[in-house]
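Trainee: Build me a model:
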Amino acid sequence: MGQAARSGRSEGLVVTGLSSREAALRRDRDGPNTVPPPRRTPAWRLLVAQLTHFFAGMLWIASLMALLSGTTSLAVAIAVIVLLNGVFAFLQEHKADRAAAELTAMMPAAARVRRDGQVRSVAVADLVVGDLVLVEAGDRIAADLQVEEAHELTVDESMMTGESVPLERAAGSAVFAGTFAVQGDATGTVTAIGAATRLAGIAALTNEAERPTSPLAVQLHRLVLVVAGIAVTVGLLLAGVSVSLGTGVGAALLLGVGVMVALVPEGLLPTVTLSLARGAQRMAAQDALVRRLDAVETLGATTFICTDKTGTLTRNEMAVVEGWTPAGLFIVSGTGYRPDRRVTATPAVHALLREAATGFLACVTGGAVLRDEEWVADGDPMDAALDAFGRALGSAPEDRVAPSVRLPFTSVAMSSAAVVDGTAYVMGAPEVLLRRGEGTTPDRHEWTVLADLSARGRRVVAVARAHADPGSSEESLAAACTGGLELLALVGIEDPPRAEVADAVALCRTAGVRVAMITGDSAATAAAIAAEVGLLAPGGTVIEGADLPAADRDVADLLDRPEGAVVARVSPADKLRIARALRTHGHVVAMTGDGVNDAAALREADVGVAMGRSGSDVARAAADLVLLDDSFATIPQAIQLGRGTFANIRRFLTFHLTDNVAELVPFVAWALTGSNIPLAIGVLQVLALDIGTDMLPALALGAEPANERTMDGPRRTTQVVDGPLLRRALLVLGPVEALLSMGAFLAVLTRGGWSYGEDAPDVLLATASGSAFAVIAVAQVANAFVCRSETRPAWLVDPRRNPFVLAAVAVELVLLVLFLAVPWLTEQLGGSWPSPLGWAACAVAVVVLPVVDAVHKAVRRARR
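Mentor: Here you go, the predicted structure:
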């Protein structure tokens, strides 16, 4: 890459660009146009972080306490568990980071260049010094450029200079990689690529920025602190009670260690990370690219979608199908962007259409091209539709006269303009151009035709002309376009709705997610499309952006309607207001956008959604979610997956907390009875349960697929841990497990001749302890199936939907047998093979836990 900085101002290349052969030679010489990847945190630091976080610190303290109490084997065991869990968490985090990097690599990255005299799209990485790059509003500048020609070009350089106001850039000025074209268009010659760009020089600074903590992370860290506080408090309290009842200090320390270990869910945080990463990968498989893992959960909380029309609800495959001129109507037959489509019209209409074609072909920058024997859009699909229409009228590209002056489309003017042979042509929103026309009034025929075309869902473009001098400047052209225009044609463009959108809108309604169309198109056209896809029902709101109420609360009241809403002719400021108003109204808002001016609204929304195919680089950079297929139907699919991931986090939290109760009760019983009831399970057995038998089922619950009921009504809770979850885990499932395990323990002891307050024989105690251990492990097997649903009994949930649970349970049972049958392990853990009575208690646990859970769920349903 050492030659990457050499100048690209080669003589004779500005008009035609480089040849493909020369571009390939320069690519081999200079390397790819890629910025060196950011320096990653060393792996050893990530591993150390996993070994020193709050939960790990508590376990290190527990290991030290065990060492001080004289139980060296326990201290070593806890240390080994911390190391194993830290390595596992490190591997999962590394895998999640790698998956996120792979997903980000799926982002579209292309630039339009002129090579061999032809405009073509190439990968950004294949840009070379000397390439002639075409830049339009919304594009991210892909390399350092010297501007050769510019039309009202303004560039956002805030990421480099901190200047928030876009800066004007004229021919001869420099623009830099990583900045954004906000308005206008330009051509420029590449002067530097890759590591030689100014962007590469400041990349290290951006890598130092820390990302704000997500709401999910805040909730989880709060949970960690609460659990840690409870563990320490209960451990110290029970240790103190134990000492006061006559237990030795060493035994009391052992009790404190046991309580802390029993209450700390060691695998919680890595399990959450893995679940989010899996959710992001599932979304990517559905063409929804999540740019940050924490956005997976936010998507599931979405309650309001503000969607564009063109390309999101519609196919963005445009074609001129009909229209009007002052001489009469015309119809266009044929499909797609093919140039052989037939225009049916009178000679007088044909003459006006050819004049109109001169105008709109001078205004557009994209077109239709033949690729792989198929005509496709190169650039904006509407430009391609007009280009194909011009070809059908007999205007071949090689015969067209280049404009002497051109003004690109802006959202302020709502039009573009060009001067060809002394005539100014204007193309844009019909109501805008009609108001600028000579003698046009709302009762004239043009308005009736416009209303009729719009009511049929046509996107209408008006073309008009005005006189201009051949030497006109951009300023004089802009002045000529402000009034006195002569209307040439109203062109009706068809952009049919996507076939899958109607079902997607219906799914949103079922899920309690409201939808509004926010579009720059006319109100009549937008309402027709909205009604066709089921977004707008009778009684819904249809309004233009200029007519929105002044107060944000009134805006939210107007749009927050079950019948749907359409806001037409919106400005970027309108979209920003709408997002803010709906959020203030209590909604979690997903806002789609594809233009450079949509970036502010995308950032304001809870979930910014950009288009992967047609969207601007600016919009994609501001978004949380990128639709790789540009389809609205992908949004409810992503919401469903987000809800599923959120539910999975609650599933394995319930699973972990249930187990903690069953592990804690034996220590409480031992302490409160002054050791008159022997300790049912030891600390090493607790660790074997948490790490050995429970980890895989918890991970499997994190892989539970979203089902159709996930979108049945609004999401029931916004909290990862709430009252119902805690009551279910700590007051229902946990106590049942504890009662079953302690019951089995005491039953085996009593059957063996033990009485309260006596010392149990070692063999009998080992058998009873193994029975209690087995009951907890087997009850957790049942709990894995119970936790798969918060509302339905375990036997109504198809086990085949999540084969990971079946596999995890099988491994758990194998580990249980090993823990109870392998002599070395039984000697270390302290339990032995259960008695027949102990196995009978295991069988009872498999039945009782799901039945009690089903009764609890039925009671909850009855109270709603």
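Trainee: distance of the nearest residue to Leu627 once chain neighbours are set aside from Ala174?
Mentor: Leaving out its chain neighbours, the residue that sits closest to Leu627 by CB to CB, 6 or more residues apart in numbering is Thr634, at 5.0 Å. For glycine as for every other residue, the C-beta is placed from the backbone atoms N, C-alpha and C. Distance, Thr634 to Ala174, using CB to CB, to the nearest Å: 39 Å.
Trainee: okay, the two: which has more neighbours?
Mentor: Thr634 (24 against 13; other CB atoms under 10 Å).
Trainee: how close does the more buried one sit to Ala362?
Mentor: 36 Å.
Trainee: those strands in the stretch 351-500 of the chain, which residues are they?
Mentor: Per DSSP state E, counting those that start in this stretch, the stretch 351-500 of the chain carries strands over the ranges 367-371, 374-378, 405-410, 415-420, 423-428, 459-467, 486-494.
Trainee: what about the residue nearest to Arg291 when sequence neighbours are not counted, neighbour count?
Mentor: Of all residues not flanking Arg291 in the chain, Asp624 sits nearest, at 5.9 Å (CB to CB, 6+ apart). Asp624 has 22 neighbours, counted by other CB under 10 Å.
Trainee: Next one: Asp624 from Arg613, what distance?
Mentor: For Asp624, the distance to Arg613 - CB to CB - is 18 Å.
Trainee: For the residue lying closest to Ala174 once chain neighbours are set aside, what are phi and psi?
Mentor: Once flanking residues are discounted, Ala174 sits nearest to Gln146: 5.9 Å by CB to CB, 6+ apart. Dihedral angles phi and psi of Gln146 (degrees, to the nearest 10) take the values phi -100, psi 120.
Trainee: Now do the buried residues in the lengthiest helix in the chain.
Mentor: If you go by DSSP state H, the chain has its longest helix at helix 634-672. Of the residues in helix 634-672, 634-671 count as buried by neighbour count, 16 or more other CB atoms under 10 Å.
Trainee: I'd like the mean pLDDT over that helix, please.
Mentor: Averaging pLDDT along helix 634-672 gives 88.
Trainee: Ok, stretch 167-175 next?
Mentor: 83.
Trainee: Start and end of that stretch, how far apart?
Mentor: From its first residue to its last, stretch 167-175 covers 10 Å (CA to CA, to the nearest Å).
Trainee: List the buried residues for it?
Mentor: Neighbour count says stretch 167-175 has 167, 169, 173, 175 buried, by 16+ other CB under 10 Å.
Trainee: Restricted to strands, list the residues you listed.
Mentor: Members of these lying in strands (criterion: DSSP state E): 167, 175.
Trainee: Just put the buried residues of stretch 167-175 in JSON lines and tack on distance to Gly593.
Mentor: Converted to JSON lines, those look like this (distance: CB to CB, whole Å):
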{"residue": "Leu167", "distance to Gly593": "23"}
{"residue": "Arg169", "distance to Gly593": "24"}
{"residue": "Ser173", "distance to Gly593": "28"}
{"residue": "Val175", "distance to Gly593": "23"}
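Trainee: Could you single out the nearest of the buried residues of stretch 167-175 to Ala301?
Mentor: Leu167 (38.2 Å; CB to CB).
Trainee: ok, for Gly336, nearest residue in space, not its chain neighbours?
Mentor: Gly336 sits nearest to Trp375 (CB to CB, 6+ apart), 5.9 Å away.
Trainee: show me what contacts the one you found?
Mentor: Residues in contact with Trp375 (CB atoms under 8 Å, 6 or more residues apart in numbering) are 336-339, 368-369, 388.
Trainee: Can you name the residues bridging to it?
Mentor: Counting by DSSP bridges, Trp375 forms beta bridges with Leu370.
Trainee: mind checking pLDDT for it?
Mentor: For Trp375, pLDDT reads 86.
Trainee: ditto for the one 5 residues further on
Mentor: Residue-level confidence at Asp380 comes out at 76, pLDDT.
Trainee: What is the neighbour count of it?
Mentor: Using other CB under 10 Å: Asp380 sits among 20 other residues.
Trainee: Surely it touches Cys363?
Mentor: No. Counting by CB atoms under 8 Å, Asp380 does not reach Cys363; the two are 11.2 Å apart.
Trainee: Just checking the distance from stretch 551-568 to the centre of its chain.
Mentor: 25 Å (CA atoms, centre = their mean, to the nearest Å).
Trainee: I would like the residues contacting it, please.
Mentor: So stretch 551-568 is contacted by 304, 509, 514-523, 525-527, 530, 535-545, 548-549, 574, 577-578, 580-582, 584-585, 587 (CB under 8 Å, 6+ apart).
Trainee: Would you list the buried entries among these?
Mentor: 304, 509, 514-523, 525-527, 530, 535-536, 540-545, 548, 574, 577-578, 580-582, 585, 587.
Trainee: got the angle between the helix or strand containing Val515 and helix 634-672?
Mentor: Remark: Val515 resides in strand 514-518, with elements defined by DSSP states H and E. If you take axes from the mean of the first three to the mean of the last three CA atoms, to 10 degrees, strand 514-518 sits at 140 degrees to helix 634-672.
Trainee: which stretches of the stretch 601-750 of the chain have low pLDDT?
Mentor: Applying pLDDT under 70 to the stretch 601-750 of the chain flags the ranges 615-618.
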